[in-house]
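>>> structure for this input, please:
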Amino acid sequence: MDPSLSPRRMPAKLVAPTPPVHTGGRGRLWFGLALLVLPWLAAAQPAASPDGLDEQLRQATGEGGYLGVVADVWHKDARVYHRVMGQADLQGTPLREDAIFRIYSMTKPITSVAVLMLVEEGRMRLDDPVARHLPEFADLQRVSGGDEAKPHRMAVHRPLTVRHLLIHTAGFATGGDDIRVASALLQQQAPEDAEDLADYARRVSRAPLAAEPGTRFRYDGVNSEVLARVVEVASGTPFDVFLQTRIFAPLGMRDTGFRVPASQRGRIMALTTRNAEGHRVLADTPSAREPGIPLRAYRSGAGGLYSTAADYLRFARMLANGGELDGIRLLQASTVDQMMQDQLARFDPPVAYPEAGEGFGLGGYVVTDTAKTTRPGSHGQFGWSGAASTWFTIDRSRKLVIVLMSQHLPTDGAPALPKIAAPFYRQVYSAVSP
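Reported below is the predicted structural model:
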């Protein structure tokens with residue numbers, strides 16, 4: 001194994017300051033080891049060595065695998081595991097502890113929190129028709145047959161609501177051979193070419209839906225982009241300004257935003273993919289070629305943010321704590337409870353679940369049946385991931401938060417790298433007590 005891929009071991013956070021102890025050379029060695037090990041032992045019972053976690057990440061960042069990874073585990077009010085392992089780029093530069101990542105769809109839970117803050121303030125309701133805030137979404141239609149040249153349309157029977165957007169049941173036509181006609185009509189509007197969120201929402205509103213709102217779960221970014229525009233209108237504030245002033249600054253998320261300042265772009269991890277031969281190469285995307293530029297022309301609520309493991313850990317801990325962190329409260333505990341409850345079963349008839357044993361809350365997956373899900377965790381566990389290999393999960397019953405960050409995009413026609421989140425989660429769950 002390349003020695004440059006060996007882990008950089010970081011000291012675990014101490015629960016309380018420790019008074020100085022004067023010992024001999026060998027005593028100092030054992031005392032230093034104790035400072036590293038004792039916080040883990042105190043937080044995880046029965047205690048387990050982090051060696052298994054290290055080995056998991058070491059294998060994932062081996063030759064031909066992920067370039068590197070930053071991993072954090074927070075358990076019972078303490079950070080019990082922290083590793084920075086591997087490389088930042090294809091040239092072998094060591095990965096930094098404060099590396100910046102394109103978090104893509106891990107932007108969505110942040111957008112959801114912005115919406116829920118406005119709900120608490122009375123500026124909108126979850127079951128508000130979207131047209132109340134965006135009039136262009138009145139009188140929506142859906143595709144009922146025909147072809148791209150002569151589609152058949154009919155009026156929808158129920159209004160599109162804010163809740164539908166949050167739980168991806170709006171009926172938007174993104175992907176899938178079963179909705180080919182509706183998808184083609186949406187793509188004709190080219191929403192991703194929009195200059196801003198207002199333009200994006202107008203383009204989407206001109207295309208018919210693929211399904212009646214509230215009848216089918218179909219995960220896609222259109223829901224969150226429209227939500228971001230709703231936030232702008234309901235708050236009277238540009239989306240990026242709202243996030244910065246109402247979420248990032250209060251939580252101390254100093255390195256999270258839609259672009260990275262030129263002076264900090266050296267911290268951004270390279271975005272890789274695999275070619276047809278299975279070799280690791282730089283991804284063919286604008287942000288891979290020019291790290292730090294905005295990922296979209298508009299401020300994407302679906303996948304536009306850069307962040308760090310430390311910043312996202314603070315966001316996740318806020319949710320794990322019921323909406324509060326270090327004396328700063330963004331949401332009421334009852335709102336967080338609702339966010340982390342399955343919303344798909346509330347419809348009549350219930351909407352089919354996206355995965356066995358899992359439902360969907362207000363912005364992320366929710367484990368509903370631990371016997372059926374393939375995801376290690378507890379009932380009510382909540383989280384999400386990003387397309388470029390970033391993951392987080394919150395298990396409030398175990399007081400556990402896990403954040404795992406890398407930068408690799410799968411590519412059609414190329415062999416995929418094994419996902420590292422599930423096996424890493426399993427190792428964590430074997431090491432911490434309920």
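>>> where does pLDDT dip in the chain?
Counting by pLDDT under 70, the chain contains low-confidence ranges at 1-49, 177.
>>> contact partners for the spatially most central residue of it?
Among the residues of the chain, residue 106 comes closest to the average C-alpha position under C-alpha atoms, centre = their mean, at 1.9 Å. Applying C-beta atoms under 8 Å, 6 or more residues apart in numbering, one finds that residue 106 lies in contact with 305, 307, 312, 384-386, 390-392. The way it works is simple: take the backbone N, C-alpha and C, and place the C-beta from them, glycine included.
>>> hmm, who's touching the regular element (helix or strand) spanning residue 228?
When secondary structure is defined using DSSP states H and E, the element that contains residue 228 is helix 221-235. Helix 221-235 is touched from outside by 105, 107-108, 111-112, 114-115, 118, 123-124, 130, 133-134, 137, 162, 164-166, 168, 170, 172, 174, 186, 191, 197-198, 200-201, 204, 237-239, 242, 298-303, with contacts defined as C-beta under 8 Å, 6+ apart.
>>> return the subset of those residues lying in helices.
Using DSSP state H, 108, 111-112, 114-115, 118, 162, 164-166, 186, 197-198, 200-201, 204, 239, 242 are the members of those that sit in helices.
>>> ok, back up a step: any idea how many residues pack against the closest residue to the residue nearest to the centre of the chain other than its chain neighbours?
When the adjacent residues along the chain are set aside, residue 106 lies closest to residue 386, with 4.4 Å between them (C-beta to C-beta, 6 or more residues apart in numbering). Counted with other C-beta atoms under 10 Å, the neighbours of residue 386 add up to 23.
>>> tell me who's in contact with residue 77.
Contacts of residue 77 (C-beta under 8 Å, 6+ apart): residue 399.
>>> now it: phi and psi?
Phi and psi for residue 77, reported as degrees, to the nearest 10, are phi 70, psi 20.
>>> likewise for residue 380?
The phi/psi pair for residue 380 (degrees, to the nearest 10) is phi 90, psi 0.
>>> could I get the full set of strands for the stretch 151-300 of the chain?
Along the stretch 151-300 of the chain, the stretches classed as strands by DSSP state E, counting those that start in this stretch are 151-155, 272-274, 280-282.
>>> for these, which one ends up most surrounded?
Each of the strands of the stretch 151-300 of the chain was scored by mean neighbour count; the highest is strand 272-274, a mean of 21, by mean count of other C-beta atoms under 10 Å.
>>> so what touches it?
Contact partners of strand 272-274, identified using C-beta under 8 Å, 6+ apart, comprise 66-67, 90, 280-284, 288, 407-411, 414-417.
>>> repeat that for 6 Å
67, 280, 283, 408-409, 411, 414 (C-beta atoms under 6 Å, 6 or more residues apart in numbering).
>>> out of these, which are buried?
For the contacts of strand 272-274, a neighbour count by 16 or more other C-beta atoms under 10 Å gives the buried set as 67, 280, 283, 408-409, 414.
>>> and which of the residues you listed is nearest residue 153?
Taking C-beta to C-beta as the measure, residue 153 sits nearest to residue 409 out of the buried ones among the contacts of strand 272-274, at 36.0 Å.
>>> measure that closest one to residue 185 for me?
28 Å (C-beta to C-beta, to the nearest Å).
>>> quick one on the thing from earlier: does the residue nearest to residue 106 have beta-bridge partners, and which?
When bridges are assigned using DSSP bridges, the partners listed for residue 386 are residue 390.
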